[in-house]
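Engineer: Return atomic coordinates for the entry below.
(one chain, ligands or ions: 1)
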Amino acid sequence: VELRPYIAADFPELAQVCAATADNGCDARETFARPDLVARYYLEPYLRFDPGLCLTLADTRGPCGYVVGAADSCAFVRWFNTHWLPDLRAASQAVRVPRGAPDAWFFDLIRNDATVPKAVDRYPAHLHIDLLPRAQGQGWGRRMVETWMALAAARGANGVHVGVGESNKRAVVFYERIGFLRLDGEDGILLGRRIAAAR
Ligand SMILES: CC(C)(COP(=O)(O)OP(=O)(O)OC[C@H]1O[C@@H](n2cnc3c(N)ncnc32)[C@H](O)[C@@H]1OP(=O)(O)O)[C@@H](O)C(=O)NCCC(=O)NCCS
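Structural biologist: Numbering: from 1, shown residues only. I've put the predicted structure just below:
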């Protein structure tokens, strides 16, 4: 198993990892109307915006996890809302999902512009991490976040935030375990961790 910089050839498998973990950490490929669109929100824009902050975890069977994100979430969100989201919104326009469907939240998300949390000044970076079940529970998640935070620190970020789905209890436990704190007064579940200043 190795953690290495993302390369373009990883994309098809990482898009599968994204879909396989998109339903609050569980497989969305059977339950979402368009599981393929999820990677266009949570994975692909980061590969475009700052590919140097994209890491691939690969084992003998191929890519099985990734961590992606932005060191400056304000800059990312401005770019995302202007240059990325409009096409994705257009692609999802025709999809009809009933209220209460497992992917209803995702289509609500696409309909609105992305925002940054209130605590963005203290936690300016943000990341997304997903591992296939076969790679989970072996300490890779912790190592991937630590490695990613060092890269974000090198870009000047002094803190990172993560949003977690309302029913993804184990992700909250994971982030708390590796030093993230719950941030109150934000939309949804948000956690943050400060990054020690690089010397
Ligand atoms: C959440 C996720 C990134 C965690 O990565 P991981 O490699 O499985 O976690 P690690 O093995 O590095 O665990 C790190 C610590 O968190 C703890 N932890 C992780 N998952 C846990 C769980 N379900 N329950 C209790 N503790 C847990 C571990 O015990 C470990 O603690 P320790 O190092 O003190 O022993 C990974 O499981 C995953 O990709 N899940 C599916 C997708 C997902 O939910 N992504 C996050 C969306 S916000």
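Engineer: pull the longest strand from this structure.
Structural biologist: strand 62-70 (DSSP state E).
Engineer: near the ligand, anything from it?
Structural biologist: No - using CB under 6 Å from any ligand atom, strand 62-70 stays clear of the ligand, with a minimum separation of 6.5 Å. Heads up, the C-betas are built off the backbone N, CA and C, glycines and all.
Engineer: who touches the helix or strand that comes right after that strand?
Structural biologist: Sequence order places helix 73-79 as the next helix or strand after strand 62-70, per DSSP states H and E. For helix 73-79, the surrounding residues in contact (CB atoms under 8 Å, 6 or more residues apart in numbering) are 45, 49-50, 70, 113-116, 120, 124-126, 161.
Engineer: Quick one: neighbours of Arg89, just the number.
Structural biologist: 14 (other CB atoms under 10 Å).
Engineer: Using the three-state scheme, assign the closest residue to the ligand within the chain.
Structural biologist: At 2.1 Å from the ligand, Gly141 is the closest residue in the chain, using CB to the nearest ligand atom. Look at Gly141: counting by DSSP: H, G, I helix; E, B strand; the rest coil, its state is helix.
Engineer: show me what contacts it?
Structural biologist: Neighbours of Gly141 in contact, by CB under 8 Å, 6+ apart: 129, 131, 174, 178.
Engineer: Any chance of a markdown table for those, columns neighbour count?
Structural biologist: A markdown table is the format used below for the contacts of Gly141 (neighbours: other CB atoms under 10 Å):
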| residue | neighbour count |
| --- | --- |
| Ile129 | 21 |
| Leu131 | 21 |
| Phe174 | 21 |
| Ile178 | 15 |
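Engineer: Within reach of the ligand, which of those residues are there?
Structural biologist: Restricting the contacts of Gly141 to contacts with the ligand (CB under 6 Å from any ligand atom) yields 129, 131, 174, 178.
Engineer: need these in CSV with secondary structure, can you?
Structural biologist: Listed next are those as CSV, based on three-state DSSP:
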residue, secondary structure
Ile129, strand
Leu131, strand
Phe174, helix
Ile178, coil
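Engineer: Using just helix, strand and coil, how would you label the residue nearest the centre of the chain?
Structural biologist: Note on the chain: the residue nearest the mean C-alpha position is His128, at 2.1 Å, using CA atoms, centre = their mean. Assigned by three-state DSSP, the conformation of His128 is strand.
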